[in-house]
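Trainee: just to be clear, the model below is a prediction. Sequence and coordinates:
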Amino acid sequence: MFRKNPHPTLMLICILCFLSPITAQTTKPAPELQSSKGKTLKLPYTKMALTAKFVGTAVNDVNWFNWCVSPIQGKDGKIHIFGSRWPAAEGDQGWMKSNAEIAHFVADKPEGPFKYVNTVLKTSMFPDTTKMWAPHNPRIEYVDGKYILLYIFQTVKKDVKMRIGMMVADQLEGPWRFAGNHNGQVAESSKAPNHWTYNSVIGIDNPAFMKIGKKYYIYFKSGTPTQMAARYGYAVADKLEGPYILQNKALTDNVSYIEDAQAFKADKKYFLLTTDNMGGNTGIYGDIILWSSETGTDFKLKDAKIAMGNVLDYWGTPEDHKKLLVDPNHYEHDKSGKLERPAVLLLNDKPAYFYSTAGLNISGGKVSETYVFKIDWNEGQ
């Protein structure tokens, strides 16, 4: 038994109703940040990147360049930042000189204001100042009831050669001691010619940390044969203070230079935050990459997204930006506003705030400062 064909007008209405949602979806422009206009994205944005809110300055001092930043919530409920800094008089390359240090700051809430507490590590505190100086790149973590502070230090005069060290404390206020049996040193590039870190240009640096199962992982950056070919690798230990054994494979499959990783676990997955300094991985110069992994030992670009844009995407109006850039007194290492040393603050095991410095002082000052952004991790995937 066959049905009669419906009225032609009714058929047209039904067809239009069916097609109109598809037309709307295909013509709706993808959301973007100001810095991506006119560019082709190689990775998608997270909603975290598109909805982040600029809060303000976290750490600043006219007498110091403040650069690396690593936040943590203490047992006291307060927010503690461990950051690198060096005297303003030494210019923006003072991070590799003997007056560079790692300082401790504290605030009652994530937004700040943060106040200087004390200096945790400086050159004069190293066991051997002829082979260890200029602590930098701090990462603070809480593991197995201990606080650990990872950092890098310089090792060769008239050159840039770096290794990774660790300090340990029962409380954020200290006292801090050097970990292990090698004056705190826990990782250096391999001396074996067949290892991928052999002859790395500036050693290994930019450490991050993760405990996976019963083992301890230090992630690091290594550039071989050139620094621009740098990838992330990792070293593994059975005990918190080592010894850490370099693994003979890279951790990331980046196609363009990255650095400044922070590692963390959330939602039963492992994540890395890194910069995309040249923009070759994301398509946008200087954006921040969010890498994800089920294992923590293999991070692929196919699973990565853009975590954050640059500071000018979140602060000010175009008129504010123009006014800042013509101010002869402002600090400008990179006028794009590229963010450096990305870090998230975990609250209740979820990223809640994003901290970073920038190669551009948006306050108009003559030194670098660090900034804080509110993020919604539930929208961040």
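Mentor: Ah, there it is.
Trainee: could you use CA atoms for every contact and neighbour count after this?
Mentor: Fine.
Trainee: what's the burial count for Tyr151?
Mentor: 28 (other Cα atoms under 10 Å).
Trainee: looks like it contacts Glu141 (just checking).
Mentor: No. Assessed by Cα atoms under 8 Å, Tyr151 is found out of contact with Glu141, at 11.7 Å.
Trainee: residue nearest the centroid of the protein?
Mentor: Pro342 (2.7 Å; Cα atoms, centre = their mean).
Trainee: element containing Glu319, please.
Mentor: helix 318-325 (DSSP states H and E).
Trainee: what about the closest residue to Lys221 other than its chain neighbours, neighbour count?
Mentor: The shortest distance from Lys221 to any non-neighbouring residue, by Cα to Cα, 6 or more residues apart in numbering, is to Tyr232 (4.4 Å). If you count neighbours by other Cα under 10 Å, Tyr232 ends up with 25.
Trainee: could you tell me whether Tyr232 really is in a helix?
Mentor: No. Counting by DSSP: H, G, I helix; E, B strand; the rest coil, Tyr232 is not part of a helix but strand.
Trainee: how much space separates the nearest residue to Met228 once chain neighbours are set aside from Ser190?
Mentor: Using Cα to Cα, 6+ apart and skipping the chain neighbours, the partner closest in space to Met228 is Tyr257 (5.3 Å). Distance of Tyr257 to Ser190, given as Cα to Cα, to the nearest Å: 21 Å.
Trainee: before we move on, what about Asp287?
Mentor: Taking Cα to Cα, one finds Asp287 at 30 Å from Ser190.
Trainee: who has more neighbours, those two?
Mentor: Asp287 (29 against 19).
Trainee: let me see the confidence value for that one.
Mentor: Listed pLDDT for Asp287 reads 98.
Trainee: next one: Lys4
Mentor: 44.
Trainee: just Leu345 next, same as before
Mentor: The score at Leu345 is 98. That number is its pLDDT.
Trainee: re earlier: isn't the residue nearest to Lys221 up against Gln247?
Mentor: No. Applying Cα under 8 Å, one finds Tyr232 not in contact with Gln247, separated by 11.0 Å.
Trainee: please identify every residue contacting each of these two.
Mentor: Counting by Cα atoms under 8 Å, 6 or more residues apart in numbering, Tyr232 and Gln247 have no common neighbour.
Trainee: put the alpha carbons of stretch 214-221 into PDB.
Mentor: What follows is stretch 214-221, C-alpha atoms only, in PDB (Å, rounded to 0.1, in the frame of the first residue of the first chain):
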ATOM      1  CA  LYS A 214      55.500   4.800  42.300                       C
ATOM      2  CA  LYS A 215      58.100   6.500  40.100                       C
ATOM      3  CA  TYR A 216      59.300  10.100  39.900                       C
ATOM      4  CA  TYR A 217      59.700  12.000  36.700                       C
ATOM      5  CA  ILE A 218      61.700  15.100  35.900                       C
ATOM      6  CA  TYR A 219      60.800  16.600  32.500                       C
ATOM      7  CA  PHE A 220      63.400  18.800  30.900                       C
ATOM      8  CA  LYS A 221      64.200  20.600  27.600                       C
END
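Trainee: state the mean pLDDT of it.
Mentor: Stretch 214-221 comes out at a mean pLDDT of 98.
Trainee: start at 695, not 1
Mentor: That works, and once the first residue is 695, the last one we named lands at stretch 908-915.
Trainee: chain center to it: distance?
Mentor: 16 Å (Cα atoms, centre = their mean, to the nearest Å).
Trainee: and if you look at stretch 917-933?
Mentor: With Cα atoms, centre = their mean, you get 16 Å for stretch 917-933.
Trainee: repeat that for stretch 1044-1062.
Mentor: On Cα atoms, centre = their mean, the centre of stretch 1044-1062 falls 12 Å from that of its chain.
Trainee: and it, what's buried?
Mentor: 1044-1056, 1058-1062 (16 or more other Cα atoms under 10 Å).
Trainee: end to end, how far does it reach?
Mentor: Stretch 1044-1062: ends 28 Å apart by Cα to Cα.
Trainee: same check, this time on stretch 872-890
Mentor: Stretch 872-890: ends 28 Å apart by Cα to Cα.
Trainee: residues making contact with that stretch?
Mentor: With Cα under 8 Å, 6+ apart as the criterion, stretch 872-890 contacts 820-821, 856-862, 891-894, 897-898, 916, 918, 929, 935-940, 942-944.
Trainee: in that stretch, what's buried?
Mentor: Quick answer for stretch 872-890 (16+ other Cα under 10 Å): 872-874, 877-884, 890.
Trainee: for stretch 927-936, same thing?
Mentor: 927-931, 934-936.
Trainee: stretch 781-790 now?
Mentor: 781-782, 786, 788-790.
Trainee: quick check: phi and psi at Lys747.
Mentor: The phi/psi pair for Lys747 (degrees, to the nearest 10) reads phi -120, psi 130.
Trainee: wait, what's in contact with it?
Mentor: Contacts of Lys747 (Cα under 8 Å, 6+ apart): 1008, 1067-1069.
Trainee: from Val837, how far off is it?
Mentor: 30 Å.
Trainee: circling back: partner strands of the strand or helix carrying the residue nearest to the centre of the chain, parallel or antiparallel?
Mentor: Assigned by DSSP H and E, Pro1036 belongs to strand 1033-1041. The strands beside strand 1033-1041 in its sheet (DSSP bridges) come out as strand 1044-1052 (antiparallel).
Trainee: partner strands of the very next helix or strand once past the strand it pairs with, with direction?
Mentor: Counting by DSSP H and E, the element after strand 1044-1052 in chain order, helix or strand, is strand 1064-1068. Take DSSP bridges as the rule and strand 1064-1068 pairs in its sheet with strand 747-753 (antiparallel), strand 1044-1052 (antiparallel).
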